[in-house]
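Trainee: Next one to model:
(2 chains)
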Amino acid sequence: EPEVTQTPSHQVTQMGQEVILRCVPISNHLYFYWYRQILGQKVEFLVSFYNNEISEKSEIFDDQFSVERPDGSNFTLKIRSTKLEDSAMYFCASARVTGNVYEQYFGPGTRLTVT
Amino acid sequence: DAKTTQPPSMDCAEGRAANLPCNHSTISGNEYVYWYRQIHSQGPQYIIHGLKNNETNEMASLIITEDRKSSTLILPHATLRDTAVYYCIAPNTGNQFYFGTGTSLTVIP
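Mentor: Down below sits the predicted model:
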C-alpha cells in the first residue's frame, strides 16, 4: 500500500540555522500539506499546496517558512533561521481528492530539535 | 471549521465495541466529518469519513445522526493496538484540518 515518506526521521540543528524537511507524497496525489505538533500539544495545520502554489496557510506559516515541490516526487518544507520554539514533530500529508472529499494521508513525521 | 467536541478520554475492554462520540452542531450541509487517530507520536492515521449516510470500512463504522449534529465512531472489536487518540474533524474547506484534543481511548486487557 502506498505511503507518505519523510526524511530525516530526526533532525538536530542549532538555533539560527536553516533546515529542509523532505517528504515524498503518494504518487497520484495532487494536494500536499505540512502540519506540526509541539510535544504534548495538538497537531497544527501549517500549509496546503496544490498546482505548484500555496492554497492555504495558517498564522504559524510566516516568512520563516517556505514550501517547494522541486521535482515530480518531493515536497519540502524549509525553515529559515530556526528558533527554539520550532522544535516539534513535522508531518507531511498528501490527499486523494474526490469531489469535496479530501482524504489526507500522513507520513511518519520528522522530529526537529533546535538547540 | 465546524467546532467539534469530544470527551477527553474513554476506556474500553479488549474485544468489546468502542463507541466514540463527537458533537459537531455547527456543521454546514456540505461539510464532511473525518475521523483520524494518532498512536503515540506517529502520524495521524485516516480511519473513515462521512457526510450524512452511515459508513463502514475495514477499520470502523461511522454513524451520523439525521440532523448531522453528532456522530459516533464504532470500533467493533477493540484490540490493544487501538489504544490511541481519536480525532473528529469537520473542515469547512476540506483543505485545512483542525485537530482538537480528541478522545484518548485506552483499550484494557
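
Trainee: List the contacts of the closest residue to chain A within chain B.
Mentor: Closest approach between chain B and chain A, counting by Cβ to the nearest Cβ: B:Gly43, at 3.5 Å. Placement of C-beta: from N, CA and C, glycine included. Shown in contact with B:Gly43 (Cβ atoms under 8 Å, 6 or more residues apart in numbering or on different chains): A:Val4, A:Phe91, A:Ala93, A:Phe106, A:Gly107, A:Pro108, A:Gly109.

Trainee: Let me know the outermost residue of chain A.
Mentor: Largest separation from the mean C-alpha position in chain A: A:Gly99, at 23.9 Å (Cα atoms, centre = their mean).

Trainee: gap between that residue and B:Lys69?
Mentor: 23 Å (Cβ to Cβ, to the nearest Å).

Trainee: Kindly report the same for A:Leu77.
Mentor: Distance from A:Leu77 to B:Lys69, by Cβ to Cβ: 36 Å.

Trainee: Who has more neighbours out of these two?
Mentor: Neighbour totals were compared for A:Leu77 and B:Lys69, and A:Leu77 leads with 24 against 14 (other Cβ atoms under 10 Å in any protein chain shown).

Trainee: what pLDDT does that one get?
Mentor: Predicted confidence (pLDDT) for A:Leu77: 98.

Trainee: Longest strand in chain A, please.
Mentor: The longest strand of chain A (DSSP state E) is strand A:88-98.

Trainee: Tell me the first helix or strand C-terminal of that one.
Mentor: Using DSSP states H and E, the helix or strand that follows strand A:88-98 in sequence is strand A:101-106.

Trainee: angle of the helix or strand that that following strand is followed by against strand A:88-98?
Mentor: Under the assignment DSSP H and E, the closest C-terminal helix or strand after strand A:101-106 is strand A:110-114. Using axes from the mean of the first three to the mean of the last three Cα atoms, to 10 degrees, the inter-axis angle of strand A:110-114 relative to strand A:88-98 is 150 degrees.

Trainee: Now do the buried residues in stretch B:39-51.
Mentor: Within stretch B:39-51, the residues scored as buried using 16 or more other Cβ atoms under 10 Å in any protein chain shown are B:Gly43, B:Pro44, B:Tyr46, B:Ile47, B:Ile48, B:His49, B:Gly50, B:Leu51.
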